[in-house]
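S.K.: Could you look at this predicted model? Sequence included:
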Amino acid sequence: MTRTAEVFPPARLLLVHPEPPLVRKALRAGLDVRVLLDEARRAEDYPLPEDRVTRVCGGPETEEVVRRLVGEDRVTHVLDGEGRSLPEPLPGVGAAADELFRRELFPNWRKAVGDRTFATVDEVRKVVGDLGWRAVIHTDLGEVVVWSEDDVDGWVRLHGGRSGPFAVERLASDVEVVVSTLTVDGMHRVVGITERLPKAGVLSYAYPASLAELRTVQVRATVTSMLDLVGHEFGPALTRVAMTGPEPRVLRSRACFSVDRISDLIEVATGFDVQTELFRALAGALVQAPRPRWFAAALVFRLPGSPVDGPGSCVLAEGVSPEVALARLDEERVLPE
């Protein structure tokens with residue numbers, strides 16, 4: 001007798017303010033898709049019949065429609081365009097639209113740092129030198145991680161005209177990584193570990209991260225345990241982890257498909273599209289962690305005055321090794337005046 005795969009009924013997915021490509025990926029996976037669109041989006045850009053498209057003005061109306069579709073139309077899963085899912089239980093009636101979705105999974109923003117010292121620009125160099133040239137310098141525009149004397153000299157040149165004071169903290173982590181996960185019905189799958197490389201006012205990423213096997217196992221276990229602890233049941237997540245001694249330490253976890261184009265690095269190196277694979281998993285497929293066949297890196301520029309967590313200008317490079325990919329970033333790097 002020939003065995004056949006068990007057939008699962010298609011999930012009923014509600015996407016709130018998505019871009020058209022995200023909807024197409026969900027439809028290709030065979031999902032029953034509904035969308036909520038705000039007034040700025042055109043319904044004709046979405047490949048759905050009229051009864052699957054609902055227009056809302058935002059605010060309380062978004063909350064009301066989401067609750068109605070979940071309760072009356074038996075919607076099983078909800079995501080917004082960034083990949084944020086509804087919390088369990090739903091927020092109380094009257095919550096703002098932004099409060100419907102979980103942005104921060106791990107709410108306590110932590111840094112892998114020690115004691116804090118306050119210093120003027122002229123004092124920063126000595127303070128950081130006393131800390132071994134490895135520190136986090138905080139300004140009103142954000143934070144900069146420095147790893148060497150040259151990094152500090154570059155920071156001083158950029159900030160020499162400012163009075164401060166600036167907070168300086170000892171950096172207690174050799175390596176930071178960003179762990180990409182997909183979760184369906186409470187089952188977490190790590191699909192990528194990307195190294196985070198902050199240096200001299202710019203931020204780089206390299207995928208895959210260069211971690212020993214034991215460290216990789218520890219990181220995976222730490223992240224999936226944290227997702228269990230916070231009750232994350234559905235959707236993508238990005239989790240920053242620092243190597244701060246014998247055990248990895250979670251610094252932050254956000255529900256989203258990507259930050260600083262990390263998902264693009266994974267796709268370049270493996271062909272794995274995190275959005276497509278989440279929808280396939282929702283349709284009943286087993287998520288297979290991708291195997292890197294290539295290396296990719298990204299360089300992110302934060303312009304003065306821009307939010308620390310806001311989008312930045314990004315340059316991507318790839319190569320046969322992480323060293324080649326990072327070297328190509330340096331070749332293409334153009335710093336703003």
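M.R.: Structure received. What you are looking at is a predicted structure, and each value in this text was computed from that prediction instead of being measured.
S.K.: I would like the residues contacting the longest helix along the chain, please.
M.R.: What stands out as the longest helix in the chain, according to DSSP state H, is helix 213-229. Contacting residues not belonging to helix 213-229 are listed as 105-106, 177, 179, 181, 183, 186, 188, 190, 193, 211, 237, 239, 241, 243, 247-250, 253 [CB atoms under 8 Å, 6 or more residues apart in numbering]. Placement of C-beta: from N, CA and C, glycine included.
S.K.: Just the mean pLDDT for it, thanks.
M.R.: The pLDDT scores in helix 213-229 average 94.
S.K.: what's the answer for stretch 30-38, then?
M.R.: 92.
S.K.: and for that stretch, what are the contacting residues?
M.R.: With CB under 8 Å, 6+ apart as the criterion, stretch 30-38 contacts 10-18, 23, 26-27, 43, 46, 48, 52-58, 62, 65-66, 69, 73, 75, 279, 282-283.
S.K.: Quick check: closest non-adjacent residue to V315.
M.R.: In this structure, V315 finds its nearest non-sequential neighbour in L299, 4.6 Å apart by CB to CB, 6 or more residues apart in numbering.
S.K.: For R68, which three-state class applies?
M.R.: R68 falls in the helix class when you classify it by DSSP: H, G, I helix; E, B strand; the rest coil.
S.K.: distance of it from V56?
M.R.: Remark: distance between R68 and V56 (CB to CB, to the nearest Å) = 11 Å.
S.K.: Between those two, which is the more surrounded one?
M.R.: More neighbours surround V56 than the other of R68 and V56, with 19 against 12 (other CB atoms under 10 Å).
S.K.: measure that one to E19 for me?
M.R.: 16 Å.
S.K.: what's the answer for G81, then?
M.R.: To E19, G81 is 6 Å away according to CB to CB.
S.K.: more neighbours, those two?
M.R.: Comparing G81 with E19 by other CB under 10 Å, the one with more neighbours is G81, at 17 against 12.
S.K.: pretty sure that one contacts V23?
M.R.: No - judged on CB atoms under 8 Å, G81 makes no contact with V23 at a distance of 9.6 Å.
S.K.: rewinding a little: give me the element the residue nearest to V315 is part of.
M.R.: Using DSSP states H and E, L299 sits in strand 295-301.
S.K.: Which other helices and strands does that strand contact?
M.R.: Contact analysis of strand 295-301 by 3 or more CB pairs under 8 Å, 6 or more residues apart in numbering; DSSP states H and E lists strand 202-207, helix 262-270, strand 313-319, helix 322-332 as its packing neighbours.
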